[in-house]
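**Q** Structure for this input, please:
(chains A, B, C and D)
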Number of protein chains: 2
Amino acid sequence: MTITSTHTKQYVLPATVQGRLYPCESCPLRSLPAFREAEPDELEFLNRFKKGELLAQKGSAVLVEGSRTPHLYTLLSGWGFRFKLLEDGRRQILNYLMPGDLIGLQGSIEGEMQHSIEMLSDSILCVFDRSRLLELYRKHPGLGYDITWLASREERMLDENLLSVGRRSAMERAAYLIAFIHERARCTGLGSGRRLIIPVTQQHVADTLGLSLVHTNKTLRKLSRLGMIEWQEGGCRVINLKELMLIAGWEGLGTGRRPLV
Amino acid sequence: MTITSTHTKQYVLPATVQGRLYPCESCPLRSLPAFREAEPDELEFLNRFKKGELLAQKGSAVLVEGSRTPHLYTLLSGWGFRFKLLEDGRRQILNYLMPGDLIGLQGSIEGEMQHSIEMLSDSILCVFDRSRLLELYRKHPGLGYDITWLASREERMLDENLLSVGRRSAMERAAYLIAFIHERARCTGLGSGRRLIIPVTQQHVADTLGLSLVHTNKTLRKLSRLGMIEWQEGGCRVINLKELMLIAGWEGLGTGRRPLV
DNA sequence: CGACGTGTTGAGTGTGATCAACATCTGTGG
DNA sequence: CCACAGATGTTGATCACACTCAACACGTCG
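**A** I've put the predicted structure just below:
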C-alpha cells in the first residue's frame, strides 16, 4: 500500500447564513463575458430562490462527506476544491471551484454528500434551498436545462482529470493541471498571465495529481527551471502557458459562454 | 513518459437506426426493481421522444471523440464503456455502461463529444433527438430533473474512480473496480454472484486502473489465487465480493432506485 | 496453416515513493 | 523580546512498486 498523503484536519465551519449583499439582478458575475445572460423572469425567480449568502473563511469546510445539507451553493467569489478521503487519510482532490460554479449537485442530487469541500480563500457563496429544486425545474425549464449543462461541464472536467491521473506522466500531469486551472481562472475573469496567482500549496497539487508531496515538489521545480511557472507567495504563477499545454498535450478549454445559476 | 497502452483501433460503426421493437410503455428495463416508475404521461412523451433503436455490435464505436452527433442514447441491453485517448494512443477508460445508462450527455450537452464509446457486447440502444431535449425540459420538468439526477450519479462514479486511480494501490484499485462493476451489474439486474461474468479483457481493466497490462495481469492473478475472482471465458467472475470490498475499503453502492429516461 | 487476440510469467529497469534533514516564514505563548 | 511549534518548500539518499521487454501458451478465425 502506498500512503502518500495523510489528512486528519479539524475543520472550521463557515459562518452561518447572512443577509444578502448581492441581489441576483445585479450579480457581479453575470456581467462577465464568461457567462450567458438570463431572462428577466429567470433572474427574478433566482433572486427569490436565493436564500442568502454564506461567508466562508479560507480553510473552512463548506460541505463534509457523509453529511446531509439542505442547501445548494453557487460560488460568488473565492476559490475552493472538492475532495474525497480514504479511511486512512489519503486524499484525492477531484476538482477546483471558482466563481460561478454550482456546488452541491456533484455526486448526489439528494441524500448524503459523497465528497467534501474546502475553501482556498475567504469566499462568498450564494445559498439555495435544495428542496425547491424541483420547483425551479417546473417553473423555469431553461434553468433546469442550464443546471444539466453545468453538470455536464463538470463531467468533462472530471473526465480530463481522470485521463491525466491515469495515463499521463508526472511532468505531463503537473503541466496539464496548472494550465487547466490557469485557463479556467482566465475564462472566469480572475486575471491571466503573471498577474494571476493560483492559491494552492504543493500538497494540494500532489493530492490532485495522485503523486507524493516530494515528487510533486521535484516536478514543479523542473517546470520552474524550465521557465514555465513560478512558485511564490503561497501560490503558483504561470509564465509560459503555451509550453505547459505542449507538454501536457492539451488543447485548452473550448470557448463559449456558460450558464450561471 | 510512460506509455502503458497504445490503441490505434479501426472502428466498426454500429448499424443505422432501426424500427422499434420496444415501446417505452412496455420497456423491459422499467419493470426491474432498480428503476423508478414513471408517470403515464411521461412514458407517453418518452415514447414519442424516442426515435428508434440502434443495434451496435460488440467492438463497435457508438460515439467518437471530436465528432458531433444529433443523438442521445439510453442503453437498453448490453455492455459498453466510455474512454478518452491521448495523442500517442494511451487510453483511459472513464466508466462502464450498463442497461439504463443515459449516453451522450457526459462531457457536453451540445457541441463536440469529449470522449468515445465502444460496446463490449452486442447491444441495443434507444435513440433520442438531442435537439428535442429542451422540449423535454419544458413539457416534463420531472424528466429534466431525472436527467440531472443521472448526471449527478455519473459524477459520483467518476469521483470514486478518480479517488481510486489517484490514491489506491494496484491491489486496492483492482479490487475496487471489480467490486464496483459487479455491484452495478447486480443492481441493474444482470445477475449476481458467480452467475455474472463481467465481459472485459485485462486490457480494459488496465486502461481503467491506469496500470500496465502486465502489472494488471499479475495483480488479477493474485486476486485469483486469493480466491476472490476467477478469470475465464473472456471475462471476470466474482467469487468473494465481501473480501474485495474489504481490500478496497469500499462500502458499496447506496441502495435506492434510479430514474430511467 | 499462420495471424491475431488474449492471458501468463520471468528478468531487468525506472519512475515515483519513502525517509530524513534543513530553510523559511507564520503565529503564539512565555 | 525571544523560543518554539507548525506549515510550507527544498534537496539528497535509498527503496519498491509498477513499467518494459521478451517469450510462450492457448484459442479463434480467415
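**Q** only C-alpha atoms for contact and neighbour calcs from this point on.
**A** Noted.
**Q** pLDDT weak spots in the stretch 101-250 of chain A?
**A** Counting by pLDDT under 70, not a single residue of the stretch 101-250 of chain A qualifies.
**Q** Could you list the contact residues of it toward chain B?
**A** Counting by C-alpha under 8 Å from any C-alpha of the partner chain, the residues of the stretch 101-250 of chain A close to chain B are A:105-109, A:114, A:134, A:137-138, A:140-142, A:144-145, A:147-149, A:151-159, A:161-163, A:165-169, A:207-211, A:249.
**Q** Those residues in strands, which ones?
**A** Among those, DSSP state E puts none in strands.
**Q** Also near DNA strand C: which of these, exactly?
**A** Among these, the ones lying near DNA strand C by C-alpha under 7 Å from any atom of the strand are A:169, A:210-211.
**Q** Most neighbours among the residues you listed, which one?
**A** Most neighbours among those, by other C-alpha atoms under 10 Å in any protein chain shown: A:G210, with 28 neighbours.
**Q** residues in contact with the residue nearest to that residue when sequence neighbours are not counted?
**A** Ranked by C-alpha to C-alpha, 6 or more residues apart in numbering or on different chains and with sequence neighbours excluded, the top spatial neighbour of A:G210 is B:G166, at 4.1 Å. With contact set as C-alpha atoms under 8 Å, 6 or more residues apart in numbering or on different chains, B:G166 has these partners: A:92, A:165-166, A:207-211.
**Q** Identify, from those residues, the entry nearest to B:C126.
**A** When the contacts of B:G166 are ranked by distance to B:C126 (C-alpha to C-alpha), A:G166 comes first, at 31.2 Å.
**Q** residues near A:R153, how many?
**A** A:R153 has 18 nearby residues by other C-alpha under 10 Å.
**Q** Is stretch A:162-173 positioned near DNA strand D?
**A** No - with C-alpha under 7 Å from any atom of the strand as the criterion, DNA strand D is not reached by stretch A:162-173; the gap is at least 8.4 Å.
**Q** distance between the ends of that stretch?
**A** 10 Å (C-alpha to C-alpha, to the nearest Å).
**Q** again, but for stretch A:225-236
**A** Terminal-residue distance, stretch A:225-236 (C-alpha to C-alpha): 14 Å.
**Q** Report the buried residues of that stretch.
**A** A:228-231, A:236 (16 or more other C-alpha atoms under 10 Å in any protein chain shown).
**Q** now do stretch A:6-15
**A** The neighbour-count check on stretch A:6-15 (16+ other C-alpha under 10 Å) flags A:P14 as buried.
**Q** so the residue most central in space within chain A bridges to which residues?
**A** By C-alpha atoms, centre = their mean, the mean C-alpha position of chain A lies nearest to A:L97, the distance being 1.4 Å. Beta bridges link A:L97 to A:G80, judged by DSSP bridges.
**Q** thought it was touching A:L76?
**A** No - using C-alpha atoms under 8 Å, A:L97 makes no contact with A:L76, being 10.3 Å away.
**Q** circling back: sitting in strands, which of the buried residues of stretch A:225-236 do you find?
**A** A:229-231, A:236.
**Q** Which single one of those residues is nearest to chain B?
**A** Using C-alpha to the nearest C-alpha, A:I229 comes nearest to chain B of these, at 20.3 Å.
**Q** contacting residues for the closest one?
**A** Taking C-alpha under 8 Å, 6+ apart, one finds A:223, A:236-240 in contact with A:I229.
**Q** and the residue in the stretch 51-200 of chain A positioned nearest to DNA strand D, how far is that from B:K9?
**A** Proximity of the stretch 51-200 of chain A to DNA strand D (C-alpha to the nearest atom of the strand) peaks at A:V200, 6.6 Å away. Using C-alpha to C-alpha, A:V200 is found at 40 Å from B:K9.
**Q** Name the residues of stretch A:142-155 that are buried.
**A** Buried, per 16+ other C-alpha under 10 Å, within stretch A:142-155: A:142-155.
**Q** got it, and stretch A:249-261?
**A** So, applying 16+ other C-alpha under 10 Å, buried residues of stretch A:249-261: A:249-250, A:258-261.
**Q** rewinding a little: so which of the ones in strands among the buried residues of stretch A:225-236 are also by DNA strand D?
**A** Applying C-alpha under 7 Å from any atom of the strand to those, those adjacent to DNA strand D are A:W231.
**Q** now, which of the ones in strands among the buried residues of stretch A:225-236 sits nearest DNA strand C?
**A** The closest of those, once distances to DNA strand C are taken by C-alpha to the nearest atom of the strand, is A:W231, at 12.9 Å.
**Q** show me what contacts the closest residue to that closest one other than its chain neighbours?
**A** Excluding its sequence neighbours, the residue lying closest to A:W231 (C-alpha to C-alpha, 6+ apart) is A:R237, at 6.2 Å. Listed by C-alpha under 8 Å, 6+ apart, the contact partners of A:R237 are A:193-198, A:229-231.
**Q** so how far is DNA strand C from A:L105?
**A** For A:L105, the distance to DNA strand C (C-alpha to the nearest atom of the strand, to the nearest Å) stands at 30 Å.
**Q** Would you mind listing what in the stretch 51-200 of chain A touches DNA strand C?
**A** Residues of the stretch 51-200 of chain A lying near DNA strand C (C-alpha under 7 Å from any atom of the strand): A:169-171.
**Q** how about a cut-off of 6 Å?
**A** Contacts of the stretch 51-200 of chain A with DNA strand C, taken as C-alpha under 6 Å from any atom of the strand, map to A:169-170.
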